[in-house]
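Visitor: Quick one, what's the 3D model for this:
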Amino acid sequence: MGRRWIGSVVAAGVAAATMIAAAPAAAAGTIDKVGKVRDSGCAGRMIDHKAIIGETGRRLGQVELWYSSRNGGENCVITRSSVGRAEMIASLEVDRDGNKRWSSGDVRSADHGVYNSYAGGAYRTGTNRHCVRFQGLIWRSGDSGSAVSRWSHCS
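Guide: Prediction:
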């Protein structure tokens, strides 16, 4: 049930993120990156986070939204594992047209792979006055979980 459930969450939570929903399981050492991703994490300060709870009720980690005022505003997402090495996704979407739903003018960045501690930072610049949505997913040892935000941090 784990991967099928996560696939449903991805499809529903990130409707236009078909590359993530359709991404095959990453083998150790492989990385799929979409948009802007920096392996060194995120700049600025953490402004939001959500716990990632597995299907078994176990806390698997958290997804974090970071903000820096540089480059017209920069939002960045990290998915952090609390269970060690795991397959993870960190995803950020920016609502460029102000309708608070995914549409053709919007942009996203995502990082998907098997990591020891975190995935990301998936980031976008020029985010001031644009709503963002962030998501984290973790798969490990037969357990999986995700956390998806609403469109928020619009100022």
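Visitor: any chance you could map the strands in the chain?
Guide: Using DSSP state E, the strands of the chain run over 31-34, 36-37, 45-53, 59-68, 74-81, 86-95, 107-115, 118-125, 131-140, 143-148.
Visitor: what's stretch 44-63 in contact with?
Guide: 1-2, 5, 64-70, 74, 76-83, 86, 88, 90, 134-138, 140, 143-149, 152-153 (CB atoms under 8 Å, 6 or more residues apart in numbering). Bear in mind the C-beta positions are built from the backbone N, C-alpha and C, glycine included.
Visitor: pLDDT below threshold where in this structure?
Guide: Applying pLDDT under 70 to the chain flags the ranges 1-31.
Visitor: repeat that for 80
Guide: 1-31, 155 (pLDDT under 80).
Visitor: before we move on, the earlier item: okay, the strands of the chain in a markdown table with distance to residue 101 and mean neighbour count next?
Guide: Output for the strands of the chain, formatted as a markdown table (distance: least, CB to CB, whole Å; neighbours: other CB atoms under 10 Å):
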| stretch | distance to residue 101 | mean neighbour count |
| --- | --- | --- |
| strand 31-34 | 19 | 16 |
| strand 36-37 | 22 | 20 |
| strand 45-53 | 19 | 16 |
| strand 59-68 | 19 | 22 |
| strand 74-81 | 18 | 26 |
| strand 86-95 | 8 | 27 |
| strand 107-115 | 13 | 22 |
| strand 118-125 | 17 | 26 |
| strand 131-140 | 9 | 26 |
| strand 143-148 | 13 | 21 |
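Visitor: Right, I'll leave it there.
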